[in-house]
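Novice: Could you work out the structure for the sequence below:
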Amino acid sequence: MSDQNKQSAKIEPLRKAHPCPECGTPSQREHYPFCSNRCRELDLSRWLTGSYAIPVADDEAKAEYPDED
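Specialist: A predicted model of the protein is given here:
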């Protein structure tokens, strides 16, 4: 390859940089979708302590199957 081809070639990122869900700065490839290991660990900590939760119906049988009587 000649030097001209090397200089004119553009390298495109695999993903567009999105804002970090924790602090809003652009995400980094090594820590995607976060910007740093700190933000990644903060998010993991919230999941492990139960700050994040998936809502569940009180009675799952009623939520899935309405009255069929």
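Novice: can you pull out the helices in the chain?
Specialist: 3-8, 37-49, 60-64 (DSSP state H).
Novice: pull the helix or strand with minimum mean pLDDT from this protein.
Specialist: Within the chain, no helix or strand scores below helix 3-8, which has a mean of 58 by mean pLDDT, DSSP states H and E.
Novice: Okay, now the unreliable bits of this protein?
Specialist: Residues of the chain that meet the criterion pLDDT under 70 lie in 1-8, 13-15, 59-69.
Novice: Recalculate using a threshold of 90.
Specialist: By pLDDT under 90, the weakly predicted segments of the chain are 1-18, 27-32, 50-69.
Novice: Could you double-check that Ser36 sits in contact with Pro26?
Specialist: No: between Ser36 and Pro26 no contact is recorded; they are 10.9 Å apart, counting by C-beta atoms under 8 Å. Bear in mind the C-beta positions are built from the backbone N, C-alpha and C, glycine included.
Novice: Neighbours of the nearest residue to His31 once chain neighbours are set aside, how many?
Specialist: Leaving aside its chain neighbours, His31 sits nearest to Arg40 (5.4 Å; criterion: C-beta to C-beta, 6 or more residues apart in numbering). A count of neighbours around Arg40, defined by other C-beta atoms under 10 Å, yields 19.
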